[in-house]
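Enquirer: structure for this input, please:
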Amino acid sequence: MNFIWWMIAGYVRVRVVSAQPEHLLGSLSSRMQIRDITHPTALSIECSLARWKLPEFESEIERDGAQWELIESYGFPQACKRAWKAPVIVCFVAMLLASSIVIPGRVFFIQVQGNEEVSDRQILNAVSEVGLSFGARRRQLRSEQIKNQLLTAIPSLSWVGVNTQGCVATISVHERKIEPDEHEETPGHIVASRDAVVQSFTVTRGKAMCKNGQAVHAGEVLISGYMDMGICTRVEQAEGEVYGVTRRDICAVLPDKTQYFQSNRGETKKYSILVGKKRINLYSDSGILYPTCGKMAKVKTMTLPGGWKLPVSLVIESYTQRSGTLTQRPEDQAQQMLLDCVHRQTLQSLVAGQIISQDLELSHDPGTYTMTGTLECHEMIGKRSSGVFIEGDTSDDGKNS
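Expert: Residues are numbered from 1 along each chain as shown. Below is the predicted model:
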C-alpha cells in the first residue's frame, strides 16, 4: 500500500557518499522509510525514498557531513512532466478536456420519427432555419420556436414534439390525414389511342361501340358514356378495356464506329473531406479532368458505435488517364444493339401488351447503320376521353353526330 502511495505522490532514487554509510543509513531508517538499498562501493550507498521526505533527508545528510546526488525521479508527477513535453499528448489532453466541456452542451445527432409522407430531409431543412443542426447549442434551442417553424413550413404536419437527450435531438411528428376530395366524376368516352384492329374488349360501364375484328381509327369512340335507358339517356364516364393489334413504323440509327478506351497511365488518387455541406480539398490543383480521363469516386462516412453517422465523410477520387481508339463496329453487334433498343422503346410505350411479330431490315450507309421496318403489337388501345360529348344521335351505329 505504501508503494502505491509512493507511485501516486512520487519517489526518488539517490546516491550517498559517506565515511560511515551504514551508520548514516541506520540514522535515516529511524526517521523515514527507505527501500531498495544497494552498495555500489564501500563508501557509497543507493536507496529510494518518498519525494516529500527529500528536505528532511537533505538536512540529515548535511548534519552528518556526507554528500548526496539525485539519480532519478519516478511516479505520477514525473510522468506528467514527461508527457507535457510531448506535443501529441498535450494536444490529446487538450482535445479531451475541450470535448468534455463542449460535447454535453451540443447536439450532434438529429433523428425524425413518426413521418410517412413527409421526408426526413424536408423536416431537417426546416428545423435548420431556426438553429437545430449539427453542433447546435442545446441551451439556445427553443422547442416552441422549432414547432412553429415546422408547422408553418410543412402544413401537412398536425403535431410536432422536440426532445433532447445528451447529444441527440429527437423530432416526433404526426401527419395530418387529408381526406380525398370527392368530386363528381366528369362523364366521358373510352376512345382509341391509335389505329388498330379490335381483338377483345371488356365493358364495365357504358355501352360498347365496337366489335371484335373491327378496324378503328385513333380517336374513335370504343365505349360510349351514353346509356339509353328507354325514357331517358344516362350520361357517365365509360369504363372498360379494349385490346387490339397495332402496327408501328420503325426507323433506328446507330453510328458504324465506336471508341474504345484503355488505361495508359497509373491511377492517381485525390482526397477531400466533407464536413456538412462544406468540402475541404486535400490537393493543390484545380481537379479539372482531361477529356480522356476517367474518374471514380468513393465516399466513406464516419460512424460511431451504434450506427450513428457523423456529417463528416472522406471522399476518395481515382483518376485514370485513358487513350481512345476509333474502330469499326461489327454488323452483328450493331444489329443486336438496334434490335434491343427498338424492343425496349416499344415496350415502354405500350400501356399493356406485347410484340407479336416484326419485319425489320438493317442497312449500312456511310457512317451509320439504319434499321427500318414495322412491328405488330397486341396492346390496350382504349383510353379515357373525359368531357368530350357531341349533342346529336346516340344510336348503336358507333358514331357521334
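
Enquirer: I'd say I171 and W159 touch.
Expert: No. Between I171 and W159 there is no contact under Cβ atoms under 8 Å: 11.3 Å. Heads up, the C-betas are built off the backbone N, CA and C, glycines and all.

Enquirer: the two: which is more packed in?
Expert: Higher neighbour count among I171 and W159: I171, with 23 against 13, using other Cβ atoms under 10 Å.

Enquirer: I'd say V253 and Y369 touch.
Expert: Yes. At 7.2 Å, V253 counts as touching Y369 under the criterion of Cβ under 8 Å.

Enquirer: okay, strands next: where are they in the stretch 1-150 of the chain?
Expert: Secondary structure of the stretch 1-150 of the chain (DSSP state E, counting those that start in this stretch): strands at 11-17, 34-41, 44-50, 67-74, 106-107, 109-113, 136-137.

Enquirer: nearest to K298, of these?
Expert: strand 109-113 (24.0 Å; Cβ to Cβ).

Enquirer: so what strands line up beside that closest one?
Expert: strand 168-175 (parallel) (DSSP bridges).

Enquirer: how distant is the helix or strand that the strand it pairs with is followed by from the center of its chain?
Expert: Downstream of strand 168-175, the first helix or strand assigned by DSSP states H and E is strand 188-192. Distance of strand 188-192 from its chain centroid, counting by Cα atoms, centre = their mean, to the nearest Å, is 46 Å.

Enquirer: residues contacting strand 188-192, please?
Expert: Strand 188-192 has contacts (Cβ atoms under 8 Å, 6 or more residues apart in numbering) with 206, 216-225, 237-240, 242, 244, 381-389.

Enquirer: which of the residues you listed are buried? Put it as a PyMOL command.
Expert: Buried residues among those (16 or more other Cβ atoms under 10 Å), as a PyMOL selection:
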select buried, resi 206+216+220+221+222+223+224+225+237+238+239+240+242+244+381+382+384+385+389
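
Enquirer: which ones among the contacts of strand 188-192 lie within strands?
Expert: Per DSSP state E, strands hold the following members of the contacts of strand 188-192: 216, 221-224, 239-240, 242, 244, 382-386.

Enquirer: quick one: end-to-end distance for stretch 114-126.
Expert: Using Cα to Cα, to the nearest Å, one end of stretch 114-126 lies 16 Å from the other.

Enquirer: also stretch 117-133?
Expert: 22 Å.

Enquirer: what about it, average pLDDT?
Expert: Stretch 117-133 carries an average pLDDT of 85.

Enquirer: middle-most residue in the protein, spatially?
Expert: T301 (8.7 Å; Cα atoms, centre = their mean).

Enquirer: if you average pLDDT over the helix or strand hosting L274, what comes out?
Expert: L274 is part of strand 257-275 when elements are defined by DSSP H and E. Averaged across strand 257-275, pLDDT comes to 76.

Enquirer: any chance you could map the helices in the stretch 251-400 of the chain?
Expert: 331-349 (DSSP state H, counting those that start in this stretch).

Enquirer: show me the contacts for the residue nearest to I61 when sequence neighbours are not counted.
Expert: Distances taken as Cβ to Cβ, 6 or more residues apart in numbering place W68 nearest to I61, at 5.0 Å, with adjacent residues excluded. Shown in contact with W68 (Cβ under 8 Å, 6+ apart): 14-17, 57-58, 61.

Enquirer: between V253 and Y369, which one's more packed in?
Expert: Legend: neighbour count by other Cβ under 10 Å for V253 and Y369, higher for Y369 (20 against 12).

Enquirer: quick one, what contacts the residue lying closest to that one once chain neighbours are set aside?
Expert: What sits nearest to Y369 in space, not counting adjacent residues and going by Cβ to Cβ, 6+ apart, is A334, at 4.2 Å. Listed by Cβ under 8 Å, 6+ apart, the contact set of A334 reads 254, 256, 362, 369.

Enquirer: show me which residues of the lengthiest strand in the chain are buried.
Expert: Secondary structure of the chain per DSSP E: the longest strand is strand 308-328. Using 16+ other Cβ under 10 Å as the test for burial, strand 308-328 gives 311, 313, 315, 317, 319-320.
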